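From the sequence below, what's the structure:
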Amino acid sequence: MKKEQVKPYSVSGSKKSQVSTMFDNIAPWYDFLNHFLSLGIDISWRKKAIRQLRGRKPKNILDVATGTGDLALEAENQLKPDRITGIDISNEMLEVGRKKIKNKGLSGKIEMVLGDSEMLPFADNTYDAITVGFGVRNFENLEKGLKEMNRVLKPGGMAVILEFSRPTLFPFKQLYNFYFRNVLPIIGRITSKDPKAYSYLYESVQAFPDGKDFVKALKSTGFQSPIYKSLTLGVCSIYTATK
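The predicted structure follows:
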């Protein structure tokens, strides 16, 4: 389950603090780059992830590593729960999210909280569902973060995790790796002015225990019946598990 830890800026120092700094730096450009660099496919990925929860009709949802709130907003759009709480360690990302939520008149339904996903400030068995969009890859301690998610999820509740994965199909794998390793960091550097952020994206995806390895990680941290589904030739995966 454990792989070498990739950090955005330096081998020394906390991954958590570096990830927080990185997302603070790129927050103003994050949404644009997400949509631009994925050719808009990330929007359909989020829709498919939230669709996993439709039959459950969750009333109280926690969106971990919420960033600018896109997955939380998709959950509100599809599921109409009573309450969504988003938590993230980057205040600048949350500020972008709060503006989007306010503009949609949803400030009373979606709350954005500054906090650590590996030390969630919530009681045991609080949430009907937990969602994560491209966030577990950034945890400093993956096992600790997953255990915390399991702790605050109600028995019978579902976790839905959307995360990048590594394509295996030739020649798509080679094209994908070239794009992620060479083209994407240049675009990210020009746009966001942070040369490390989009190099970290490629490196962190390579280091992440995806597919069956992540299913094992979910099982070992207390989740039941974890499964995954690959999207877009394996660029991304949806993982679901219950408590």
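
mind checking how far residue 126 is from residue 200?
Distance, residue 126 to residue 200, by C-beta to C-beta, to the nearest Å: 32 Å. Every residue, glycine included, has its C-beta placed from N, CA and C.

Which one of those two is surrounded by more residues?
residue 200 (21 against 16; other C-beta atoms under 10 Å).

Looking at stretch 176-191 now, give me its mean pLDDT.
The pLDDT scores in stretch 176-191 average 82.

er, stretch 98-107 actually
Mean predicted confidence for stretch 98-107 is 97.

cool, and stretch 53-60?
97.

and what of stretch 207-225?
So the average pLDDT for stretch 207-225 ends up being 97.

Partner strands of the longest strand anywhere in the chain and their direction?
Of all segments of type strand in the chain, defined using DSSP state E, the longest is strand 153-164. Strand pairing for strand 153-164, using DSSP bridges, gives strand 127-133 (parallel), strand 236-242 (antiparallel).

Give me the number of neighbouring residues for residue 7.
Count around residue 7 with other C-beta under 10 Å applied: 20.

nope, residue 5 is what I meant
Neighbours of residue 5 (other C-beta under 10 Å): 13.

Also residue 237?
Based on other C-beta under 10 Å, the number of other residues close to residue 237 is 22.

need the contact list for it.
The neighbours of residue 237, taking C-beta atoms under 8 Å, 6 or more residues apart in numbering as the test, are 162-165, 210-211, 214, 228-231.

any chance of these in TSV, plus neighbour count and distance to residue 19?
Below are these laid out as TSV (neighbours: other C-beta atoms under 10 Å; distance: C-beta to C-beta, whole Å):
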residue	neighbour count	distance to residue 19
162	23	18
163	22	15
164	20	15
165	22	19
210	21	18
211	16	23
214	24	19
228	19	23
229	12	26
230	16	25
231	17	24
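
how far away is residue 94 from residue 65?
Taking C-beta to C-beta, one finds residue 94 at 11 Å from residue 65.

Now list whatever residues contact both of those two.
Contacts common to residue 94 and residue 65, judged by C-beta under 8 Å, 6+ apart, are residue 88.

so what's residue 129 up against?
53, 56, 58, 60-62, 153, 157-160.

distance between the least confident helix or strand in the chain by mean pLDDT and the chain's centre?
Using mean pLDDT, DSSP states H and E, helix 184-192 stands out as the lowest-scoring helix or strand of the chain, at a mean of 77. Its chain's average C-alpha position is 20 Å from that of helix 184-192, according to C-alpha atoms, centre = their mean, to the nearest Å.

Which strands and helices lie in contact with it?
helix 15-37, helix 197-207 (3 or more C-beta pairs under 8 Å, 6 or more residues apart in numbering; DSSP states H and E).

Of those helices, flag the one that's most buried.
Highest mean neighbour count among the helices and strands packed on helix 184-192 (mean count of other C-beta atoms under 10 Å): helix 197-207, with a mean of 20.

Next, the angle strand 153-164 makes with that one.
Counting by axes from the mean of the first three to the mean of the last three C-alpha atoms, to 10 degrees, helix 197-207 points 110 degrees away from the direction of strand 153-164.

any idea of the mean pLDDT for stretch 120-140?
97.

Endpoint to endpoint, that stretch covers what distance?
14 Å (C-alpha to C-alpha, to the nearest Å).

Work out the gap between it and the centre of the chain.
With C-alpha atoms, centre = their mean, you get 10 Å for stretch 120-140.

just stretch 171-188 next, same as before
20 Å.
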